[in-house]
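>>> Please work out how this folds:
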Amino acid sequence: MLVTFTTDAHADITMFGDVALTMLEMMGHSKTVPGAILAADVPMALNRLKAAISAEKPSPAIDDEDEPMVNMTDRALPLISLLTAAAEAECNVMWK
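Numbers count the residues shown, from 1 in each chain. So this is what the prediction gives:
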């Protein structure tokens with residue numbers, strides 16, 4: 001499953017379902033797809049996501065040359081960028 005986050009203030013962001021659901025949970029939302037965050041609630045969701053990412057303990061490195069390990073901090077960067085743009089432009093955020 002893929003989840004696509006959209007807002008009028010930023011390009012769409014598509015994530016693997018398990019990662020997107022984890023991010024939604026970090027933002028304080030249910031894992032319901034589709035869903036939305038009203039513009040007034042975007043700054044709080046952004047702050048929650050940043051705090052959760054900061055509290056994440058780094059995963060141990062896996063010695064696999066074919067697939068490098070991507071941590072949640074790196075995976076969250078595009079969504080943080082989208083939420084930041086939405087907060088600045090006072091736009092809603094939706095995902096499906």
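>>> for this structure, what spans make up the strands?
Counting by DSSP state E, the chain has strands at residues 2-7, 10-16, 35-37, 93-95.
>>> buried residues in stretch 85-96?
85-87, 91-95 (16 or more other C-beta atoms under 10 Å). C-betas here are computed from N, CA, C, even on glycine.
>>> Now do it: distance to the chain's middle.
Offset of stretch 85-96 from its chain centre (C-alpha atoms, centre = their mean, to the nearest Å): 12 Å.
>>> separation between residue 27 and residue 71?
18 Å (C-beta to C-beta, to the nearest Å).
>>> Which of these two has more residues huddled nearby?
Legend: neighbour count by other C-beta atoms under 10 Å for residue 27 and residue 71, higher for residue 27 (21 against 13).
>>> list the contacts for that one?
37, 45-46, 48-49, 52 (C-beta atoms under 8 Å, 6 or more residues apart in numbering).
>>> Mind putting the residues you listed into CSV with distance to residue 9?
Output for the contacts of residue 27, formatted as CSV (distance: C-beta to C-beta, whole Å):
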residue, distance to residue 9
37, 13
45, 14
46, 12
48, 19
49, 16
52, 22
